[in-house]
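Trainee: coordinates only, sequence not included:
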């Protein structure tokens, strides 16, 4: 409807100015409608009763201060985790999970009461430390790493963390090592080369117990997953999403944590 020169819909008001910000609802405060994006004629605007708007995640202003506020309360790193991150930055690629993703992994381990966890992609052991700290004394993390330098570093940091008694670093190509690890596992976490993600997911799901949890990092890839053919890694992640979404035995979703975490629960 037209009100004081502006159109009103259930999620706010907009006018014919160059840019307009929705003033309520679940829209990002930064979303603006450009004149070119609007219909050329006012008659083309549907009445508010016919507008279909899908709410989306809120992108809040002041994200830096908000992240600091939440980090201090929920996913702050201790000195050892900061040392692992610094060592990774100095000697390897800084591609470990974010601290909030690490905290989420730890939460899943505790929530499921997990005692056996599979990880594909160890790097320097950062995510593995978050996971293994939540395992019971007789629990076990089997983590797979192809690069020898990374595997050596991870073993060092697991020992420094006092976790070497419950973590086994397996060296080699993930597909080859997975063939030697029958499971069953409570949780499988995948954070390795992206092109074979569908294969890793299938192998991980085969090794999960009924009701087990499969988690894959980099599921959003900074938003690039919406375009096919960008590169082999993106296509691998897209194929993983297709696999998870089409398998009726799973209940799956993706969370915008870090670079995105795809999560699936195996059927009972």
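Mentor: Yep, that arrived. Because the structure is predicted, anything quoted here is derived from the model rather than measured.

Trainee: rest of the way, CA atoms for contacts and neighbours
Mentor: Fine.

Trainee: mind checking the SS state of residue 209?
Mentor: Under DSSP: H, G, I helix; E, B strand; the rest coil, residue 209 falls in the strand class.

Trainee: so what does the helix or strand hosting residue 128 touch, helix or strand wise?
Mentor: Following DSSP states H and E, the helix or strand that holds residue 128 is helix 126-132. Applying 3 or more C-alpha pairs under 8 Å, 6 or more residues apart in numbering; DSSP states H and E, we find helix 126-132 packed against helix 79-91, helix 99-112, strand 140-145.

Trainee: which outside residues touch the shortest one?
Mentor: Taking contacts as C-alpha atoms under 8 Å, 6 or more residues apart in numbering, the residues outside strand 140-145 that touch it are 115-123, 128, 131-132, 151, 166-174, 177.

Trainee: Drop anything exposed from the residues you listed.
Mentor: 115-123, 128, 131-132, 151, 166-171, 174, 177 (16 or more other C-alpha atoms under 10 Å).

Trainee: Point out where the stretch 1-150 of the chain drops to low pLDDT.
Mentor: Within the stretch 1-150 of the chain, the stretches with pLDDT under 70 are 1-62.

Trainee: Return the backbone torsion pair for residue 120.
Mentor: phi -110, psi 110 (degrees, to the nearest 10).

Trainee: again with residue 153
Mentor: phi -60, psi -40.

Trainee: just the one 4 residues further on next, same as before
Mentor: Main-chain torsions, residue 157, degrees, to the nearest 10: phi -70, psi -30.

Trainee: For it, give me its contacts.
Mentor: 84, 124-125.

Trainee: What is the nearest of these to residue 214?
Mentor: residue 125 (18.8 Å; C-alpha to C-alpha).

Trainee: quick one, what contacts that closest one?
Mentor: 84, 153-155, 157-158.

Trainee: now the residues you listed as a markdown table including distance to residue 195?
Mentor: Formatted as a markdown table, the contacts of residue 125 follow (distance: C-alpha to C-alpha, whole Å):
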| residue | distance to residue 195 |
| --- | --- |
| 84 | 27 |
| 153 | 25 |
| 154 | 24 |
| 155 | 26 |
| 157 | 28 |
| 158 | 28 |
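
Trainee: May I ask which of those residues has the most neighbours?
Mentor: For the contacts of residue 125, counting by other C-alpha atoms under 10 Å, the largest number of neighbours falls to residue 154: 26 neighbours.

Trainee: Assign a three-state SS to that one, would you?
Mentor: Three-state assignment for residue 154 (three-state DSSP): helix.

Trainee: Do you know the pLDDT at it?
Mentor: Here the pLDDT value assigned to residue 154 is 98.

Trainee: Would you agree it is in contact with residue 121?
Mentor: No: in this structure residue 154 lies outside contact range of residue 121 using C-alpha atoms under 8 Å: 10.8 Å.

Trainee: that older thread, which ones among the buried ones among the contacts of strand 140-145 lie within strands?
Mentor: 116-120, 167-171 (DSSP state E).

Trainee: how about the helices of the stretch 151-268 of the chain, start to end?
Mentor: For the stretch 151-268 of the chain, helices defined by DSSP state H, counting those that start in this stretch occupy the ranges 174-178, 197-207, 232-246.

Trainee: What helices and strands are in contact with the shortest one?
Mentor: It stands for helix 174-178. Counting contacts by 3+ C-alpha pairs under 8 Å, 6+ apart, helix 174-178 packs against strand 140-145, helix 197-207.
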